[in-house]
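1. have a look; sequence and predicted model below, questions after that.
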Amino acid sequence: MFENLSDRLGGVFDRLKGRGALREEDVREAMREVRIALLEADVALPVARRFIDAVTERSVGQDVLRSVTPGQQVVKIVHDELVAMLGGDEVPGLDLNARPPVVIMMVGLQGSGKTTTTAKLARLIREKYGKKALMASLDVQRPAAQEQLAVLGQQVDVATLPIVPGQQPVDIARRAMDAARLQAVDVLLLDTAGRLHVDAALMAEMKAVAQVSSPHEVLLVVDSLTGQDAVNVAQSFSGEVPLTGVILTRMDGDARGGAALSMRHVTGKPIKFAGTGEKLDAIEAFDPKRVAGRILGMGDVVSLVEKAAATIKEEDAEALARRMAKGQFDLNDLRMQLRQMQQMGGLGMLAGMLPGMKKAKQAMAAGGVDDKVLVRMDAIIGSMTAKERARPELLNAKRKKRVASGSGTEVQDVNKLLKMHQEMSRAMKQIRKMGGLKGLGALFGKGGMGAALPGMGGGMPGLGGSGGPSVDMSTLPPDLRDMLNKK
């Protein structure tokens, strides 16, 4: 979502960091470019102006201009101000500390993804918070809106209020409250009706529902692809309804990011969650620090680790660890790794979350490399026999030709995959000889990520690229550095 803004800011900061010393004129010129980049990203003018003023004031101080690394100091100041703009250090999350049933009222315009987001939130409440939830659709305007929520409820295993044809929103809200009390429900989610634009009838209906249900949370669902108009919608709702937070949908899209950067300042309410895809588990807590890190190309290792923990099965990880301890790594193990990469979002998402990997991601895009590469690799391995997957050395010229024909690829693609497996296998044995994680930490420090993972440092065979950038240990979060440096 923030790629264009990230590229523009990255170019500005590269020029700053390339200079040994900075003058005040250099900083002010760079800030003018940052201001243009923010406005092009649809950031509201008052927000962009306030941001630039704050960064400039801190950056032209003597401590920065006389610093040993003034360019990096300016980047840190920009990072801190971005975090402040997005909501500060705290990750707000849901406030469920109230007498049950805790009512969460979902509001927003039609087409913003409100119904799907309601189901995503209900699933999160059930799985993460361990609460019993009930969903009720108050949308009697959009055809089949109530049926849609009922289907989504079955998919996320959360109960929905039975549909009574002809019943009006306020009456549905009363019935939902009674049902929640009778069923000992912890959290009741009310999916209100949307409109194509903000109007008096919509606001009156929402106020009446709020009066009946006394919601503890009123969450505004906004489509981030609507750009600056999303901020206008948020202003209209915040003036009429007691909002407690915002949920941005389609954060995985190609929006310019201005809505996310402006929303907190304009509404004064925190962005609590971000929708990151169409699947019902594609929702995550909005963390200002992590988002700021992604915008500035610093990566988001913490989110990557969390996504891996949620995606990778514990028994698979333990089995692979046992095989690595013995120095074993066959094509079945490689196939499992490739599938896990797909489940975690693919190559582009992974590269975007790793610090220092922005250039590698750009090289992948320039070389026409996409996530279909993972599918082709999986097809190649799938065309092999069980014996060939366990013992890749059996693959002679005749077998390779058969595998290529069966997977719809070329023999050279099979050779690239086998070379990739050989390099990864050698890396596993090298890490084992050097003492596991401690040895891996040493490799990170000496030669960067390219040295630790030959498949990435020399251009992963079959994925394109002529060389991956090194990753300095100092760019990694302290918790990750500590983990890598331990035995």
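-> Now that the structure is in, tell me what you want to look at.
2. what about dumping the CA coordinates of stretch 123-138 to CSV?
-> C-alpha atoms of stretch 123-138 as CSV (Å, rounded to 0.1, in the frame of the first residue of the first chain):
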residue,chain,number,x,y,z
ARG,A,123,-13.4,-14.6,14.6
LEU,A,124,-10.6,-12.6,16.2
ILE,A,125,-12.7,-12.2,19.4
ARG,A,126,-13.4,-15.9,19.5
GLU,A,127,-9.9,-17.1,18.8
LYS,A,128,-7.6,-14.4,20.3
TYR,A,129,-9.7,-13.1,23.2
GLY,A,130,-11.5,-16.4,24.0
LYS,A,131,-14.9,-14.7,24.2
LYS,A,132,-18.3,-15.9,23.0
ALA,A,133,-19.6,-13.7,20.3
LEU,A,134,-22.9,-13.1,18.5
MET,A,135,-23.4,-11.2,15.3
ALA,A,136,-26.5,-9.4,14.2
SER,A,137,-27.2,-7.7,10.8
LEU,A,138,-29.2,-4.5,11.0
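3. show me what counts as buried in it.
-> By 16 or more other C-beta atoms under 10 Å, the buried positions in stretch 123-138 come out as 123-126, 131-138. Glycine gets a C-beta too; all of them are placed from N, C-alpha and C.
4. same deal with stretch 236-253?
-> Quick answer for stretch 236-253 (16+ other C-beta under 10 Å): 236-238, 241, 243-252.
5. residue 166 is in what secondary structure piece?
-> If you go by DSSP states H and E, residue 166 is not part of any helix or strand.
6. so for residue 46, what's the pLDDT?
-> Looking at residue 46, its pLDDT stands at 82.
7. what's near enough to touch it?
-> Applying C-beta atoms under 8 Å, 6 or more residues apart in numbering to residue 46 gives the contacts residue 265.
8. just confirm it is within a helix.
-> Yes. Counting by DSSP: H, G, I helix; E, B strand; the rest coil, one finds residue 46 located in a helix.
9. and it, how far from residue 170?
-> 37 Å (C-beta to C-beta, to the nearest Å).
10. again, but for residue 160
-> Counting by C-beta to C-beta, the gap from residue 160 to residue 170 is 18 Å.
11. comparing these two, which residue is more hemmed in?
-> Taking neighbours as other C-beta atoms under 10 Å, residue 160 and residue 170 compare with residue 160 leading, 25 against 15.
12. isn't that one right up against residue 145?
-> No. Counting by C-beta atoms under 8 Å, residue 160 stays clear of residue 145, with 11.8 Å between them.
13. what is in contact with the two at once?
-> Joint contacts of residue 160 and residue 145 (C-beta under 8 Å, 6+ apart) are residue 137.
14. in strands, which of the buried residues of stretch 123-138 appear?
-> Within those, residues falling in strands by DSSP state E are 133-137.
15. closest one to residue 54 out of those residues, please.
-> Nearest to residue 54 among those, counting by C-beta to C-beta, is residue 133 at 40.6 Å.
16. wait, that closest one touches residue 156, no?
-> No. Look at residue 133 against residue 156 with C-beta under 8 Å: they stay out of range, at 9.1 Å.
17. which residues are common contacts for the two?
-> 122, 126.
18. can you get me a residue count around residue 382?
-> 12.
19. contacting residues for it?
-> 335, 407.
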